[in-house]
Structure formats: C-alpha cells, structure tokens
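# Below are the sequence and a predicted model for it; my questions follow.
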Amino acid sequence: MKSGIYLGKENIEIRDVDIPQVGDNDVLIKNIYSGICGTDVAVFKHGENTGHKITVGGEFGHETISTVVKVGKNVTDFKIGDRVYPYPLYAKGDTRRAGTIGGFSEYILIPNAKRNHSLYAVDERISDKLGCLIEPFTVGCRAARRAVNSGLNSTAAVVFGCGTIGIAAAVALKYFGTKRVMMCDTSELRLNTVKKLGFEICNVSSENIISKAKEYFGTAPSLLGETADIDCWIDTAGTENIFDDFMQYGKIESCFVAVAVNKALRKLDLLHMTYSQKSVVGSGGYMPEDVRDVQKIMTSGKWNLESMITHEFSIDNLKKALQTASDVEKAGSVIIKF
C-alpha cells in the first residue's frame, strides 16, 4: 500500500509498505478521503515538536473517512463495506498516536476495534468529502461546548481563525444556541467563505476588532471602560495578541477558550482576573458526544460546509497538498483522495 512517511521538516516520502495483517479482534479500513490538519502543516513546515506528536520515519495524518475492508473472526460490531470514522484518540490503542494514525496511508489497522470507541459509523447523508472533516469538526465542537458550558450566558461570541476548526466552532456555537457569532482572520479567502456561511466577519489586519465588535454586539463594561459585549472569545488561530486583547478588552464575566496549539508562555494577571471575574478555559481534542453532535450538524442542511474545501490532491501529491494547505491566503480546507 502507499503510505506517507514523515522524515522531518519539509521532507516526506510516499512509500510502498505492506498492508497490515488483521488479527482476530482487528478491523482493516481503507481510506477514502483524508484532511490536512493545521498540526500536519506545522510538523511539515517547522519540524517535529511543533504540532502533534510525530515519529520521524513513521506514518502520519489523522483526519479521515474510511471503508471497512476486512474484519477479524471475533469482530461482530462491523462488516465489510461499512463506512466509518476512526476516532484518533483510540484508533491505534495508543493515545500518543492520536495525530499519527495513518491518515496519509491507503489502509489503517484498527486493533481491538469497538463501535463508538475506536470506530464510528458515518451517517449516509454525509458525503465522503465532508466526512473526512469530522475529526477537526469535533475539535471545534468541543471548544464551542466548553464555551457554552462555562457557566456564562454565552449569547455572543467571537472566533479567531477561519480555518476548519474555527468554522466548526462557529457553526457549533450556532447549533448550541449562541445568537451572534463574529469570525476574525487576515485571509480574505477564508473570510469570504465564512461570510457566505452567514457569519459576521472582521479582517483584523485592516479593521479594529473592538470597534467592529461594538457595532455588532453592542457595548458592555470592563475594568478599563466601555468595551464590546462579547461573552466568549474562542482562539483557534494562536497568535499572541489575541489573548492579550482579551485581557485588555474582554468585558466583565467574559470567557476565553484556548484551542490553538501554542507553546508560548503567557503572563496572567490574577488580580485582574479576580476583579473582572473572567475565566480562561482550555479545549484540547474532543469527546464521543462531539462526534455525535458533529454528525447532526453535518446532516442538518443549515450550512454548505463543503464550501470550505478549496483543494483536492491524490496521495502521490501529498507534499504539494501540505505546501498548499500552508498558504492560508490561497487555501481553505485541503483534502487527499485515495
């Protein structure tokens, strides 16, 4: 089978490797489409230890939709032909491999496969192309859930970053009942995509986010004076100034949800947090309920979610696909077809 092998910064190869052998309790799946995650781009552009955990010389990729092609003799949960989503956290029986389950390989072996644990059935109404975005959508859905479950009245939210996870967070916020959502980015391509999905937008490279937000959300008090009436800030972009702006301009009793992978150390003024009654929430990964809700979102028909996909490549062109995905001015979601 063909397999994308990670060899270091901007160095990958497509190799022919053996198809895994199926044990009595295992399931072999064949990938249909796989998506390129921002963490895949990070390790490709900048080397290991910059995105998800990855092994030099190993396979990688984790956003995929697949078909069951072989089952072990003890497997009763699945049959050949089932269309499934491999849940990265448990797909390989090793949570350290959540980012490297083999999404850029033709086949993936799922050891000790279990329904609604390592493999989930995919609703027949979800297209193959959209299905490979279930994984990043669960990340965005988890962030939205963390926001609305923060204990605050989250009726107004701003999402920074109009990539797949940012769009997923914004859509999930609306699904969970948030009335007004603004999305921010510097890429006109991505901003135009989310505008067509029905979201208010702000180009933070040319517009003042607080001024624009005041116009859209109205005003509310902060410790430093009048500010925008935003209940929740969700950061899927990871640039340093976003958290700084929240600390300076966030209203009293507002919440910041950190999603983007960013290793930069930040200073936190606890006295300010105390008097402003703000909260900072981490949101990494996803849970089974997010898989359930994402499939409901994708089958709701309320949003043309395939519109975020801008490029499609074959597995033989994986390097070009990663290079394309790294250019946010020219690419939205980039997918691989097998």
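Okay, I see it.

# Am I right that residue 159 is in contact with residue 180?
No: the pair residue 159 / residue 180 is not scored as a contact, 11.5 Å apart, by CB atoms under 8 Å. Every residue, glycine included, has its C-beta placed from N, CA and C.

# Would you enumerate the residues in contact with the residue sitting nearest the centre point of the chain?
Centroid-nearest residue in the chain: residue 136, 2.8 Å away (criterion: CA atoms, centre = their mean). Residues in contact with residue 136 (CB atoms under 8 Å, 6 or more residues apart in numbering) are 35, 37, 63, 164-165, 168.

# So what does the residue lying closest to it once chain neighbours are set aside have for phi and psi?
With sequence-adjacent residues excluded and distances taken as CB to CB, 6 or more residues apart in numbering, residue 136 is closest to residue 164, at 4.3 Å. The phi/psi pair for residue 164 (degrees, to the nearest 10) reads phi -60, psi -50.

# Would you quantify the distance from residue 164 to residue 6?
Distance from residue 164 to residue 6, counting by CB to CB, to the nearest Å: 21 Å.

# More neighbours: the two, which one.
Taking neighbours as other CB atoms under 10 Å, residue 164 and residue 6 compare with residue 164 leading, 27 against 22.

# Help me confirm that that one comes into contact with residue 135.
No: with contact defined as CB under 8 Å, residue 164 does not count as touching residue 135 (9.3 Å).

# Pull up the distance across stretch 28-47, start to finish.
With CA to CA, to the nearest Å as the measure, the ends of stretch 28-47 fall 30 Å from one another.

# Over to stretch 58-74?
End to end - CA to CA - stretch 58-74 spans 29 Å.

# now it, how far from the centre of its chain.
Relative to the centre of its chain, stretch 58-74 is centred 20 Å away, using CA atoms, centre = their mean, to the nearest Å.

# residues of it that come out buried?
59-68, 70-72 (16 or more other CB atoms under 10 Å).

# Next: stretch 70-87.
70-72, 75, 77-78, 82-87.

# Kindly reformat those residues as CSV containing secondary structure and pLDDT.
Output for these, formatted as CSV (DSSP: H, G, I helix; E, B strand; the rest coil; pLDDT from 0 to 100):
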residue, secondary structure, pLDDT
70, strand, 98
71, strand, 98
72, coil, 97
75, coil, 97
77, coil, 96
78, coil, 97
82, coil, 98
83, strand, 98
84, strand, 98
85, strand, 97
86, strand, 97
87, coil, 95
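
# follow-up on the earlier one: now the contacts of residue 136 in CSV, with secondary structure and pLDDT?
Shown next, in CSV, are the contacts of residue 136 (three-state DSSP; pLDDT from 0 to 100):
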residue, secondary structure, pLDDT
35, strand, 98
37, coil, 93
63, strand, 96
164, helix, 96
165, helix, 96
168, helix, 98
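
# Relative to residue 211, which of those residues is nearest.
Using CB to CB, residue 165 is the member of the contacts of residue 136 that sits closest to residue 211, with 26.2 Å.

# For that closest one, give me its contacts.
So residue 165 contacts 38, 136-137, 139-140, 143, 236, 259 (CB under 8 Å, 6+ apart).

# Kindly recompute the last result at 10 Å.
37-38, 133, 135-143, 159, 234, 236-237, 259-260 (CB atoms under 10 Å, 6 or more residues apart in numbering).

# so where's the stretch 101-250 of the chain shaky on pLDDT?
151-153 (pLDDT under 70).

# Try it again at 80.
Within the stretch 101-250 of the chain, the stretches with pLDDT under 80 are 150-154.
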